[in-house]
Every structure is written in C-alpha cells, then in structure tokens.
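> how does the following fold in three dimensions:
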Amino acid sequence: MADEKRPYRMKRRAELEALTRRRITESAVELHETLGPARTSVTALAEHAGVRRSTVYRHFPDEAALFAACTAHWMAANPLPDIGRWAEIEDPGERLGSALRDLYAFYRRTRGMMDNLLRDEATMPIIRERFDGYRDYLAAARDTLMIGRRTRGRARTSVRAAIGHALAFPTWRSLAMDQDLGDREAAELMCRLVAAAAAGGRGGA
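Just a heads-up that it's a prediction; the model follows:
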C-alpha cells in the first residue's frame with residue numbers, strides 16, 4: 001500500500017514545490033516593481049513570499065536564476081508591442097503614430113517597473129544584461145519605422161535620431177508624467193518632431 005501511494009506523494013510534493021517557486025517569483029516581481037531590485041533583499045523577499053531564506057536559495061541559488069524567472073514571468077504578463085504589426089503599415093507616418101501609441105500605452109502600464117529598472121541598472125550589472133533584449137527591441141523598432149522614408153544624409157540621421165528619441169521610455173515619462181500629456185498627445189507631438197526632422201532634408205519625408 002505504501003508503495004502505491006508513493007507516486008502520488010511525489011507528484012504532490014512536486015506540485016507544492018512548483019507553487020512555492022511561483023510564489024517567490026511573483027513576490028520578487030512585485031517587490032521589484034514597488035521597491036526596485038536594488039532595494040529588494042533576500043530577507044524581504046522571503047518575508048513577502050512567506051518562506052524561509054533557505055527556501056529562496058533552494059529555488060534560486062543565485063541572482064541570475066532569480067532574475068531569469070522574474071523576467072520570464074513579467075514579460076509573459078507584459079509583452080512588448082508587436083513590431084511585425086507595425087511593419088504591415090505602409091505609410092511611414094501612420095506606422096510611426098501606431099507604434100508610438102502602442103508603445104506609450106505599454107509604458108504607462110509598466111512605468112513602475114521601468115522606472116525602477118532604469119534607476120537600478122547603474123548599480124546592478126545583471127539589469128544592464130537583462131536590458132540588452134529591450135534595447136535590441138528598440139533598435140529593431142527604429143529600423144522598422146525608418147522603412148520607406150526618403151531622407152538622405154544628415155536629414156536621415158536626424159530622422160533616425162528623432163525616432164529613437166521618441167521610442168525611449170524617458171521621453172514618454174517626461175511628456176506624460178512631467179508635462180502631463182496624454183499618451184495620444186505625446187505620440188502626436190513626437191510624430192511632428194520626426195516630420196520636422198524629415199522636412200529638413202531635400203528628400204522630403
């Protein structure tokens with residue numbers, strides 16, 4: 001009889017371990033969003049998750065393992081806007097407007113986490129490493145938003161810089177949080193900036 005119950009007990013134990021790991025991950029995400037990674041100690045994480053420090057270390061033996069789990073969990077709940085959808089829009093101006101509206105809505109939903117990550121990356125190399133994927137995303141978005149623009153030379157460089165500036169989280173934060181613009185207003189303002197940069201070149205927009 002004992003042997004018959006063993007598979008059940010092993011399965012139940014594995015389920016409980018998975019639930020504990022998820023609780024720790026969710027707690028870490030919440031603390032990173034409210035306090036920031038640099039201010040989230042293992043002790044604070046353990047208390048928030050309702051487990052011992054040793055339990056945290058058993059599931060996540062190092063910082064890299066914890067951040068990998070946090071990143072995967074947070075990104076699953078907060079996917080970046082789809083660049084491929086923007087690429088389907090033929091007109092460069094319309095494409096830019098659509099991209100900025102999508103991205104600014106994403107920034108508004110995730111501003112707590114983004115603020116803390118940008119603040120703490122100066123002191124935590126692992127955050128800089130994790131941000132490499134986000135920066136690659138912005139570079140790919142900028143390249144997509146440059147498609148079909150007929151500018152040349154310095155004007156093209158200016159347009160590229162203006163688009164890169166428009167895509168950046170600090171730009172949205174300044175316009176939406178500091179200057180109190182709505183996301184659509186902020187997007188329209190950045191579209192006008194890019195159009196002005198394009199108009200400075202002989203090739204037009």
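> got the buried residues for stretch 22-34?
If you call a residue buried by 16 or more other C-beta atoms under 10 Å, then stretch 22-34 has these buried ones: Arg23, Ile24, Thr25, Glu26, Ser27, Ala28, Val29, Glu30, Leu31, His32, Glu33. In short, each C-beta sits where N, CA and C put it, glycine included.
> what does that stretch contact?
Here stretch 22-34 makes contact (C-beta atoms under 8 Å, 6 or more residues apart in numbering) with 40, 44-45, 48-51, 55-56, 59-60, 66, 69-70, 73-74, 112-113, 116-117.
> of the residues you listed, buried ones?
Among these, those classed as buried by 16+ other C-beta under 10 Å are 40, 45, 48-49, 51, 55-56, 59-60, 66, 69-70, 74, 113, 116-117.
> so where's the longest helix in this structure?
helix 2-34 (DSSP state H).
> quick one: distance of that one to the chain centre.
Here helix 2-34 is found 27 Å from its chain centre; the criterion is C-alpha atoms, centre = their mean, to the nearest Å.
> same thing with stretch 169-189?
17 Å.
> measure that stretch end to end?
15 Å (C-alpha to C-alpha, to the nearest Å).
> Val51: what secondary structure?
Secondary structure assignment for Val51 (DSSP: H, G, I helix; E, B strand; the rest coil): coil.
> verify the stated contact: it with Glu17.
No. Applying C-beta atoms under 8 Å as the test, Val51 and Glu17 come out as separate, 11.3 Å apart.
> how deep is Leu80 tucked in, by neighbour count?
The number of residues packed near Leu80 is 15, by other C-beta atoms under 10 Å.
> next one: Pro170
A total of 12 residues lie near Pro170 under the criterion other C-beta under 10 Å.
> pLDDT score assigned to it?
On the pLDDT scale, Pro170 is placed at 97.
> ok, now the one 3 residues further on?
According to the prediction, Arg173 has pLDDT 98.
> lowest average confidence, helix or strand, in the protein?
Lowest by mean pLDDT, DSSP states H and E among the helices and strands of the chain is helix 2-34, with a mean of 84.
> who's in contact with the strand or helix carrying Pro170?
In this assignment (DSSP states H and E), Pro170 forms part of helix 169-172. By C-beta under 8 Å, 6+ apart, the list of residues contacting helix 169-172 from outside reads Leu103, Tyr104, Tyr107, Arg108, Met114, Leu118, His165, Asp183, Ala186, Met190.
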